[in-house]
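Visitor: only the shape, not the letters, is given here:
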């Protein structure tokens, strides 16, 4: 018992079906982001000949009763977060391997969960019910994935030590950890099960697909060497959000709201006397489209002006996918710093900026810059008036 | 005469600093400044003891000539520079640097009210060195 996998096949479609429970058991297809082609389909739609990649017109021709749903990336992002949180309820070592697949390293949890079945139940209990997630627990990664894919919705399947190879034998080859091109090649070669791939000579798999092929071959034999790569510790973070009703249409309104969120977040006691390294801004439109920007500060800062200066251009140049119904600001990467040694010339630079601004105003008012600066011409010259000169200061 | 190969000092927006200012200097028998009036206006020349105009400063007696040196620059060009500098201490202890422009045209002697001093309207200048 070392790796758990929490999987939701076709996560985007599952998310939509969770929102529309009445569509359960019907032929449903999810359109792609452009709204032209089929991205994912339910089993019922697949049985009627609808498959991903078809144009919507073709799909409806195959299955006139097909229900086509529009994708909502914001919902998918929330679902991924929910899966991560579900796995984090059991172990802090969590890897997001793709949409709808989350791994957790279970090493050291034997004391907490003497009965391995409790682990599976604990993971599934924390997962959102509507997603129909399933869990797999095995000695190594690919077996855990295959176990999760094979389990029924809402159930956990556990493979004991040494059971991986025999369990994997009959699983479909397109589950193998290979790129889409390689999986297509396998299909063309007529290799349809994991067992058939494992039966190939190692050198053949490696020669055909390189290092990935070698790893996939080992995985197919229940010897997957790939470890769980836990995502970096996210540390403490402060999240502020605002729900807009009616949704925000003008960019000025969005800007003001974000500025208010930043003020509010910086007042949080967790941020007090500390610096912020990462600012994440997420906007969700009224029709559940997602817009997200992550700004990593070159130097952590606790200064609101500086954070706002970094954040503001992202909003000003943003092209939101629609009226904004939800805004979320996250301050992360909180450091232990509470102050910074100022440079000797910082004040000088600030004064220079103020001077520049003032001169620009004067120039607008009088038509020319009334300020000059002394420049060295030939400071060594014997004739004094050749040494220095005044140059119009025009910032 | 060779023309200057240097860009003119007064290029667009560039104004030279430390330009010489006219000075009025009376030269003694030894050829060194003996009295000086600083300022832009013409000095009052009615009395040998020295009057003054509103614009020019008072006549100041030169107490000591500290240093004399000469510079010659660009003598091969159309506008050569030839100056003899005098660093003098005037009445009151102030140090003043004067120079006599060797290429300036002296005013007609008849215009000078006193032959004792050289009305150096365009010949004598004060300059911070």
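Guide: Great, that's in hand. Not measured: the values here are computed from a predicted model. Residues are numbered from 1 along each chain as shown, chains lettered A, B, ... in the order given.

Visitor: what does chain A put close to chain B?
Guide: By Cβ under 8 Å from any Cβ of the partner chain, the residues of chain A that approach chain B are A:372, A:374-375, A:377, A:382-392. For every residue, glycine as well, the C-beta is placed using N, CA and C.

Visitor: can we see that at 7 Å?
Guide: Residues of chain A lying close to chain B by Cβ under 7 Å from any Cβ of the partner chain are A:374, A:382-392.

Visitor: which residues in the stretch 1-150 of chain A form strands?
Guide: In the stretch 1-150 of chain A, the segments counted as strands under DSSP state E, counting those that start in this stretch are A:3-7, A:28-31, A:38-41, A:67-69, A:94-98, A:101-105, A:134-138.

Visitor: select, out of these, the one closest to residue A:325.
Guide: Shortest distance between residue A:325 and those, using Cβ to Cβ, is found for strand A:67-69: 19.1 Å.

Visitor: please name every helix or strand in contact with that closest one.
Guide: strand A:28-31 (3 or more Cβ pairs under 7 Å, 6 or more residues apart in numbering or on different chains; DSSP states H and E).

Visitor: just list whatever residues bridge to the nearest residue to residue B:95 once chain neighbours are set aside.
Guide: Once flanking residues are discounted, residue B:95 sits nearest to residue B:89: 5.5 Å by Cβ to Cβ, 6 or more residues apart in numbering or on different chains. Judged by DSSP bridges, the bridge partners of residue B:89 are residue B:64, residue B:95.

Visitor: so where does residue A:167 fall, helix or strand?
Guide: Assigned by DSSP states H and E, residue A:167 belongs to helix A:164-168.

Visitor: the residue nearest to residue B:95 against residue B:60, yeah?
Guide: No: counting by Cβ atoms under 7 Å, residue B:89 stays clear of residue B:60, with 9.9 Å between them.

Visitor: more crowded one of the two?
Guide: residue B:60 (18 against 15; other Cβ atoms under 10 Å in any protein chain shown).

Visitor: quick one on the thing from earlier: out of the residues of chain A next to chain B, which are buried?
Guide: Neighbour counting with 16 or more other Cβ atoms under 10 Å in any protein chain shown marks A:383-389, A:391-392 as buried within those.

Visitor: which of the residues you listed sit farthest apart?
Guide: A:383 and A:392 (23.0 Å).

Visitor: neighbours around the residue lying closest to residue B:72 once chain neighbours are set aside, how many?
Guide: Nearest residue to residue B:72, sequence neighbours excluded (Cβ to Cβ, 6+ apart): residue B:82, at 5.1 Å. Each residue near residue B:82 was counted by other Cβ under 10 Å, and the total is 16.

Visitor: then residue A:252?
Guide: Residue A:252: 11 neighbours (other Cβ under 10 Å).

Visitor: with adjacent residues omitted, what lies nearest to residue 83?
Guide: I went with chain A, as the question did not name one. residue A:102 (4.7 Å).

Visitor: the chain in question should be chain B.
Guide: Nearest to residue B:83 is residue B:99, by Cβ to Cβ, 6+ apart, at 4.3 Å.

Visitor: would you agree the one you found falls within a helix?
Guide: No: according to DSSP: H, G, I helix; E, B strand; the rest coil, residue B:99 belongs to no helix; its state is strand.

Visitor: OK, contacts around it?
Guide: B:20, B:83-86, B:125, B:127 (Cβ atoms under 7 Å, 6 or more residues apart in numbering or on different chains).

Visitor: same question for residue B:34.
Guide: Residue B:34 sits next to B:26-28, B:62 when contact means Cβ under 7 Å, 6+ apart.

Visitor: who's residue A:241 bridged to?
Guide: Beta-bridge pairing of residue A:241 under DSSP bridges involves residue A:328.

Visitor: residue A:325 is in contact with that one, correct?
Guide: No: assessed by Cβ under 7 Å, residue A:241 is found out of contact with residue A:325, at 11.0 Å.

Visitor: these two: who's more crowded?
Guide: residue A:325 (20 against 14).

Visitor: now that one: which helix or strand?
Guide: strand A:324-332.

Visitor: circling back to that earlier point, which one (most neighbours) among the contacts of residue B:34?
Guide: The contacts of residue B:34, ranked by neighbours (other Cβ under 10 Å): first place residue B:26, 23 neighbours.
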